[in-house]
Every structure is written in C-alpha cells, then in structure tokens.
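Novice: take a look and give me a structure for this.
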Amino acid sequence: MADKRPKVGVAAIIHNTAGRIIMGERAGSHGAGTKQFPGGHLEYGESFAECAKREVLEETGLEVGDIKFLVATNDVFEEGKHYVTVFMTCVIVGAKKEPEALEPEKCARWDWVPWSTMWGMAGQQALAEKNGQETTTKMFLPIVNLYRDYPELEQCLERG
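Specialist: Numbering: from 1, shown residues only. Purely as a prediction, here's the structure:
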C-alpha cells in the first residue's frame, strides 16, 4: 500500500463579530451525518487560503477574505481514509451575507452557530468517544480532533 498517502483537506471557519460560525451537515461522503465547516480538497499548486476561498464560494456562494491559518489536525477515519486538515479562519467580504447550499448532495443547508456551541458539542463527543458512548449530535472527525488537540482555542472566536 505504498500509494496510500494522506490527503489534504482545508476547512474554512467563517466567523462574524458576534462569535458565530457557519456549519452544515455532511452528506454523501465519509463522515455523512456529521456537522462540518465549508471546505474541501487542496488542489495541486493551490495555497491554503486560495483553497478556502474557492471551496467557500463553491459550497455557500459567499465571498470571503482576511483568510488566516489557524491550526492543522491529523485525521485517520474508521473508513480507512487519512487526511491532514488545515483550518483557516475568514470573514465574509462580499455583498452576500447569508450562505446557501449550492452543493445539496454534499450539504443540505448551512447555519450560523455560536462558536461556543460548536466547541461544546465537540467536547461532548470527544468525552463520549473516550468513554465508549454515543452522542446525538455528531461532529466531523477533524472538528473533534481540533477540540482534542487544541483545547486553548475554546475562546478564540468568542468575541469575533
């Protein structure tokens, strides 16, 4: 299996000054049924910021800017997939301020969620998994790993 190498995913954490972020529910791929940020695969020759900007536009119709690297996680999925997920923060810079589901086969809807709510759900899932329990709301593995690996980020977007 020499050709089994990790892929690079880029997750865009779109935030506003009220400490809210955009999240949706994955469909039709690994992690289906879990909460996610907009994002996707890094293309050859593309920067992390270019990837975040492209994926957000393709998935939500939003134009983003002030794109900054936050952290990266190492994510090995039960389905046999391995990703390095690069988390980027950004804000909406275009005239359109509300996301729409432009790829409904991948995500049926996007919603504004308080960062603290997302962080709490990720923490509940991390604890439940550690104790061999289930949770009602499931977060995409990279988000749970974001919580596990970077607990100091709990309040990073609380005040925008």
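Novice: OK, contacts around the residue most central in space within the chain?
Specialist: Central residue of the chain (Cα atoms, centre = their mean): F37, 3.0 Å from the mean position. Contact analysis of F37 by Cβ atoms under 8 Å, 6 or more residues apart in numbering lists A11, A12, I13, I14, I21, I22, M23, F87, F140, I143. Heads up, the C-betas are built off the backbone N, CA and C, glycines and all.
Novice: isn't D111 up against R20?
Specialist: No: judged on Cβ atoms under 8 Å, D111 makes no contact with R20 at a distance of 9.3 Å.
Novice: which of the two has more neighbours?
Specialist: Just comparing D111 and R20: by other Cβ atoms under 10 Å the higher neighbour count belongs to R20, 19 against 12.
Novice: in the sheet, who's paired with the more buried one?
Specialist: P114 (DSSP bridges).
Novice: quick one, helices of this protein?
Specialist: Along the chain, counting by DSSP state H, helices occupy 48-60, 115-130, 141-149.
Novice: quick one: mean pLDDT for the longest strand anywhere in the chain?
Specialist: Looking across the chain with DSSP state E, the single longest strand is strand 64-76. In this model, strand 64-76 has an average pLDDT of 98.
Novice: what do you get for stretch 118-131?
Specialist: On average, stretch 118-131 scores 94.
Novice: so what's E154 closest to, chain neighbours aside?
Specialist: W119 (5.5 Å; Cβ to Cβ, 6 or more residues apart in numbering).
Novice: err, L146, not the other one
Specialist: Closest to L146 by Cβ to Cβ, 6+ apart is T73, at 5.7 Å.
Novice: rewinding a little: nearest to L42, of the helices of the chain?
Specialist: Nearest to L42, of all those, is helix 48-60, at 4.9 Å by Cβ to Cβ.
Novice: now stretch 77-87: buried residues?
Specialist: By neighbour count with 16 or more other Cβ atoms under 10 Å, stretch 77-87 contains the buried residues K81, Y83, T85, V86, F87.
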